[in-house]
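model this:
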Amino acid sequence: MREIGPQGALYVGSPELVAQKIAQNLTALGANRFDLKYGMGGLYHQALMTNIELYGTQVIPRVRELMG
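Now for the predicted structure:
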């Protein structure tokens, strides 16, 4: 449970929560890039594709908005 919280290494939750966590970490680290590596053993292909779609259509635009 600790790894999915604000200080954890995993980016899990709604697109809004994931976007907020990415934006907070980019700001805290002074970084301008976020590389996401997918490693989801046992996840069905359609679920993986849905996650990728949400990342591209909701998470990334929201991160850009938050970073303003």
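
Can you show me the strands along this protein?
The residue ranges that make up strands in the chain, judged by DSSP state E, are empty, as it has none.

And the contacts of the helix ranked longest in the chain?
With secondary structure taken from DSSP state H, the chain has its longest helix at helix 15-29. The contact list for helix 15-29 (CB atoms under 8 Å, 6 or more residues apart in numbering) reads 6, 11-13, 31-32, 34, 54-55, 58-60, 62-63, 66-67. From N, CA and C alone the C-beta is placed, and that goes for glycine too.

distance between it and the chain's centre?
7 Å (CA atoms, centre = their mean, to the nearest Å).

Low-confidence bits of this structure, can you list those?
Judged against pLDDT under 70, the low-scoring parts of the chain cover residues 39-40.

Centre-most residue in it?
When the chain is reduced to its mean C-alpha position, the closest residue under CA atoms, centre = their mean turns out to be Val18, at 4.1 Å.

how close does that one get to Gly41?
Applying CB to CB, to the nearest Å, one obtains 20 Å for the distance of Val18 from Gly41.

Kindly report the same for Ala31.
Distance check for Ala31 against Gly41: by CB to CB, it reads 28 Å.

Next: Ala47.
With distances defined as CB to CB, the gap from Ala47 to Gly41 amounts to 12 Å.

And for Asn32?
31 Å.

coming back round to it: neighbour-wise, which of Ala31 and Gly41 wins?
Ala31 (11 against 4; other CB atoms under 10 Å).

Apart from its chain neighbours, what residue comes closest to the more buried one?
Leaving aside its sequence neighbours, Ala31 sits nearest to Asn25 (CB to CB, 6 or more residues apart in numbering; 7.5 Å).

So what's the residue count around the one you found?
Here the number of neighbours of Asn25 (other CB under 10 Å) works out to 14.

again with Gly68
Counted with other CB under 10 Å, the burial measure for Gly68 works out to 5 neighbours.

try Leu54
So Leu54, with other CB under 10 Å, has 14 neighbours.
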